[in-house]
Structure formats: C-alpha cells, structure tokens
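Visitor: below is the sequence, then the predicted model.
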Amino acid sequence: MSPEINTPTYPYEATDRFDHSRYRLSQATYYQIMDLIKFYHESMYLLPDDEVVIVERLIDQNHTEYCKVSVNHLVLE
C-alpha cells in the first residue's frame, strides 16, 4: 500500500480497545494493517480474530516489549 497524504507520522501508536494497553507500531506493521483492512472491508465488519501483528507494548516511558496482538484489539491513533 502506498503512503497517502493523511498517513500519520512514524512512530505509529495504537491502544488496545479492551485493556487500554499502549502500543508502538513499525511502519511495516502499520501498512500490513492497512492492507488487511483493504482486503477484508468488502466482506465483513471486523477482521478475523486470527489476524495478529507484532507490536511493541509500552510498559513505561523507557521500557517496551514485543508481543503479538490481534488486529481487532487495536485502535489506531
């Protein structure tokens, strides 16, 4: 997917819509999510629960950890 004018600046951030964890997404992960949305948008409202991406969970200001998160849990900012 090509970058568009309204693409947010890196680093991309997201929040878990259930437990409100904060995540940082790489540019590749952001475009992976955009491609999934483009692929599935015509056939269903939510993405399948088995679609996961690797993100950095923000533990505190100086610490992060990599984890897999379902795309359905992410709210992009």
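Guide: Structure received.
Visitor: okay, CA-based contacts and neighbour counts for the rest of this
Guide: Will do.
Visitor: how far away from the center of its chain is the helix or strand that Val55 is a member of?
Guide: Taking DSSP states H and E as the definition, one finds Val55 inside strand 52-60. Distance of strand 52-60 from its chain centroid, counting by CA atoms, centre = their mean, to the nearest Å, is 9 Å.
Visitor: following the chain onward from that strand, which element is next?
Guide: strand 63-70.
Visitor: for whichever helix or strand comes after that next one, name the packing helices and strands.
Guide: As assigned by DSSP H and E, the chain's next helix or strand after strand 63-70 is strand 74-76. Here strand 74-76 touches strand 12-16, going by 3 or more CA pairs under 8 Å, 6 or more residues apart in numbering; DSSP states H and E.
Visitor: mind listing what's buried along the following helix or strand past the strand it packs on?
Guide: Moving toward the C-terminus from strand 12-16, the next helix or strand (DSSP H and E) is strand 22-25. Within strand 22-25, the residues scored as buried using 16 or more other CA atoms under 10 Å are Arg22, Tyr23, Arg24, Leu25.
Visitor: in the sheet, who's paired with the residue lying closest to Arg57 once chain neighbours are set aside?
Guide: Distances taken as CA to CA, 6 or more residues apart in numbering place Tyr23 nearest to Arg57, at 4.5 Å, with adjacent residues excluded. Beta-bridge partners for Tyr23, by DSSP bridges, are Ala14, Arg57.
Visitor: so Tyr23 touches Ala14, yeah?
Guide: Yes: with contact defined as CA atoms under 8 Å, Tyr23 reaches Ala14; the gap is 5.2 Å.
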